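Peer 1: I'd like to go over a predicted model; first the sequence, then the structure.
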Amino acid sequence: MSKTLQDEQKIVDTLKSQFGKKLLEAKVQRERRIFVKVANPDHLEIFSFAMKKWKAWYLTAVSSIDKPDGTLAAVYHFDIRPPFGGQVAISMNLMIDCESREEPKLASLYNLINGAEYFEREAHDLMGIFFEGNPNLTRLILPDSFPEGVYPLRKDFLLEIQKEEQAKKEKK
């Protein structure tokens with residue numbers, strides 16, 4: 001292992017030691033990047049641990065994913081080591097799959113870090129993931145007139161123009 005990845009590997013090893021089988025996957029992706037996958041709601045425990053152990057301090061984003069197998073997931077991206085005292089920040093990507101596509105639910109990170117509210121609202125608005133414990137899952141990006149239950153970032157979403165083009169191709 002290169003010297004540059006020693007800190008990242010120590011973090012992964014600590015997580016494996018602390019959480020064992022709760023980690024569905026944990027690995028160093030590359031320099032300054034760690035990937036961890038857990039089941040709902042274990043991400044709350046992992047994030048809380050990272051806050052205490054490594055001063056997780058900055059939630060940079062929450063991505064929502066419609067995987068090729070149809071599973072919906074969220075990935076919390078956050079820095080787990082502040083860039084103070086000559087250290088560089090290390091980012092963790094923490095993925096959680098929803099158990100159901102029809103009723104995708106995940107525990108909200110809001111009670112641990114209030115800034116999660118807006119990122120989770122975006123994922124709810126565009127992908128339809130319900131974050132249990134988020135106090136304000138109102139529309140953030142889409143207009144209020146946008147149809148309920150329609151999520152434009154899902155792979156099965158087609159715009160009317162795309163539907164018309166698809167119908168024309170099927171007629172041929």
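Peer 2: That came through fine.

Peer 1: Pick out the residue nearest the middle of the chain.
Peer 2: By Cα atoms, centre = their mean, the chain has its centre lying nearest to Val75, at 1.5 Å.

Peer 1: Can you verify it is assigned to a strand?
Peer 2: Yes - membership of Val75 in a strand is supported by DSSP: H, G, I helix; E, B strand; the rest coil.

Peer 1: What's the local residue count around Leu59?
Peer 2: 19 (other Cβ atoms under 10 Å). Any C-beta I mention is one placed from the backbone N, CA and C, and that applies to glycine too.

Peer 1: how near is it to Ile113?
Peer 2: Noted for Leu59: a distance of 5 Å to Ile113, by Cβ to Cβ, to the nearest Å.

Peer 1: can you check Phe119 too?
Peer 2: To Ile113, Phe119 is 10 Å away according to Cβ to Cβ.

Peer 1: Ok, Tyr151 next?
Peer 2: Distance, Tyr151 to Ile113, using Cβ to Cβ: 24 Å.

Peer 1: picking up where we left off before, of Phe119 and Ile113, which one has the most company?
Peer 2: Taking neighbours as other Cβ under 10 Å, Phe119 and Ile113 compare with Phe119 leading, 24 against 19.

Peer 1: Count the residues that sit near the residue lying closest to that one once chain neighbours are set aside.
Peer 2: Nearest residue to Phe119, sequence neighbours excluded (Cβ to Cβ, 6 or more residues apart in numbering): Val62, at 3.5 Å. Val62 has 23 neighbours, counted by other Cβ under 10 Å.

Peer 1: hey, what's Val62 bridged with?
Peer 2: Tyr76 (DSSP bridges).

Peer 1: Run through the residues that contact it.
Peer 2: Counting by Cβ atoms under 8 Å, 6 or more residues apart in numbering, Val62 makes contact with 74-77, 109, 116, 119-120, 122-123.

Peer 1: Tabulate the residues you listed (JSON lines), appending pLDDT and distance to Lys163.
Peer 2: Formatted as JSON lines, the contacts of Val62 follow (pLDDT from 0 to 100; distance: Cβ to Cβ, whole Å):
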{"residue": "Ala74", "pLDDT": "98", "distance to Lys163": "28"}
{"residue": "Val75", "pLDDT": "98", "distance to Lys163": "30"}
{"residue": "Tyr76", "pLDDT": "97", "distance to Lys163": "34"}
{"residue": "His77", "pLDDT": "96", "distance to Lys163": "33"}
{"residue": "Leu109", "pLDDT": "96", "distance to Lys163": "36"}
{"residue": "Ala116", "pLDDT": "95", "distance to Lys163": "35"}
{"residue": "Phe119", "pLDDT": "97", "distance to Lys163": "30"}
{"residue": "Glu120", "pLDDT": "97", "distance to Lys163": "30"}
{"residue": "Glu122", "pLDDT": "97", "distance to Lys163": "25"}
{"residue": "Ala123", "pLDDT": "97", "distance to Lys163": "25"}
